[in-house]
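Trainee: can you look at this prediction? I've put the sequence above it.
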Amino acid sequence: MTKKIELIEKFKAEAAKAGAKVLVAENREKAIDHINNIIRSKRVNVVVKASCPLAGSLKLLNHLSEQNISVCETSLVQWAIRLTQNKEVPLEEVAGLVANATGEIVDHDPEAVLQAAKRALKNIYANADLGITEADFGIAETGTLITLENEGNQRLAAVLPRLHLTIIEAKNIVLDLAEAAEMIKRTAGGIPGCRLPTFITYLTGRNTTADIPGALFARAQGPEEEYILLIELE
C-alpha cells in the first residue's frame, strides 16, 4: 500500500511539472464534484466524450444531461446510432441523415458516408469546450498518461477541444515506461486472436505549442488546459 501511495504522489508531482492540473477523488461523488467544478468555472457547454468505462460507472452522461450540457460521443458507431435513432435504415437514408448533419452533399456510397461522418466529428471535436477521455495507465516517473484504442477517437478528443480532462483509476499508475510496456503486452497476451491496440497514445502534460498561426485546427497541438482526475475506487 505504501508503494502505491508513493507512485501516486510521484505521478501527481511529475504531471504537475509538465503542466497538468491534477485532481484526486476518493470516491465517485467527489469525482463528479471535480468535473462539475471544471464545467462551471470554465463555462463548458459542449463536451466530447470518448468511450470511457469509468465515465459509465460514474454515470457521467446523466450528470451532464442534468446540467443541459451538450455531449457528443466520439465513436462513429454511436454517432450513427444517434442519427438513425437506433433504427435499421438503408444506406441511402443514412447518407441523407449525414448530409443533413454536416451540410454536405453525400453520395450513397459507404466510403463517402464514412468520410463525411469523420469530417463532421473532427469539427465537433475542434469546437467543443471540453474533451473527456480515459487513460489505461499512468507513468509515475514522468507523469505520462497512456491510452489504448483502435479508432483514434481518444487522441482527437485529447488535442482538439479547448480543454481536456483525462480520468484514470489510481490503481493503474505504474513506475516507469518498462513496467507500462509489460502491462500493455498483457492486454493481449495469452488471448487467442487478440492483438495489441491499433493506437497507443502517450500524453505528458499540456502541449504548449498549441496556437500555430494558420493551422487548420488552431488547437491541433493541444488544449489550453490539461486536467487529470485520479479516482481511487478501491
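Mentor: Received, thanks.

Trainee: which helix in the protein runs the most residues?
Mentor: The residue-count maximum for a helix in the chain (DSSP state H) belongs to helix 110-127.

Trainee: quick one: distance of that helix to the chain centre.
Mentor: Helix 110-127 sits 17 Å away from the centroid of its parent chain (C-alpha atoms, centre = their mean, to the nearest Å).

Trainee: which residues of this protein score low on pLDDT?
Mentor: When residues are selected by pLDDT under 70, those of the chain lie in 1, 75-94, 96-98, 101-103, 113, 151-152, 188-197, 207-221, 234.

Trainee: let's see it at 80
Mentor: 1, 51-52, 73-123, 150-153, 186-199, 206-222, 233-234 (pLDDT under 80).

Trainee: according to the record, where do the domains of it fall?
Mentor: Residue ranges for the domains of the chain, per automatic domain parsing: 2-74+129-231, 89-128.

Trainee: quick one: the strands in the chain?
Mentor: Along the chain, the segments classed as strands by DSSP state E run 21-25, 46-49, 70-73, 130-134, 137-139, 144-149, 163-169, 173-174, 199-204, 225-231.

Trainee: so which of those strands is the most surrounded?
Mentor: Compared across the strands of the chain, strand 130-134 shows the largest average neighbour count, a mean of 26 (mean count of other C-beta atoms under 10 Å). All C-beta atoms are positioned from the backbone trio N, CA, C, and that covers glycine.

Trainee: what packs against it?
Mentor: Applying 3 or more C-beta pairs under 8 Å, 6 or more residues apart in numbering; DSSP states H and E, one finds that strand 130-134 contacts strand 46-49, helix 53-58, helix 153-159, strand 163-169.

Trainee: parallel or antiparallel, which strands does it pair with?
Mentor: If you go by DSSP bridges, strand 130-134 pairs up with strand 46-49 (parallel), strand 163-169 (parallel).

Trainee: what's the angle between it and helix 110-127?
Mentor: Strand 130-134 and helix 110-127 are oriented at 110 degrees to each other (axes from the mean of the first three to the mean of the last three C-alpha atoms, to 10 degrees).

Trainee: residues touching strand 130-134, excluding its own?
Mentor: Residues outside strand 130-134 that contact it (C-beta atoms under 8 Å, 6 or more residues apart in numbering): 38-39, 42, 44, 46-55, 60, 125, 147, 154, 156-168, 223.

Trainee: mind running it again at 7 Å?
Mentor: For strand 130-134, the external contacting residues (C-beta atoms under 7 Å, 6 or more residues apart in numbering) are 44, 47-50, 52-55, 125, 147, 154, 157-158, 160-161, 163-168.

Trainee: equivalent analysis for stretch 170-179, please.
Mentor: Here stretch 170-179 makes contact (C-beta under 7 Å, 6+ apart) with 7-8, 11, 136-141, 180, 183, 230-232, 234.

Trainee: stretch 32-43 too?
Mentor: Here stretch 32-43 makes contact (C-beta under 7 Å, 6+ apart) with 23, 25, 44, 58, 63, 67, 69, 163, 165, 227, 229.

Trainee: right, and the fourth one touches residue 31 too?
Mentor: By that I understand residue 58. Yes - between residue 58 and residue 31 a contact is recorded at 5.8 Å, counting by C-beta atoms under 7 Å.

Trainee: more neighbours: which of the two?
Mentor: More crowded of residue 58 and residue 31, by other C-beta atoms under 10 Å: residue 31, with 24 against 21.

Trainee: report the contact partners of that one.
Mentor: Here residue 31 is in contact with 25, 58, 229, 231 (C-beta under 7 Å, 6+ apart).

Trainee: do you know how far the closest residue to the first one other than its chain neighbours is from residue 169?
Mentor: In this case it means residue 25. Sequence neighbours aside, residue 31 is the residue nearest to residue 25 in space, at 3.8 Å (criterion: C-beta to C-beta, 6 or more residues apart in numbering). When C-beta to C-beta, to the nearest Å is the yardstick, residue 31 and residue 169 sit 10 Å from each other.
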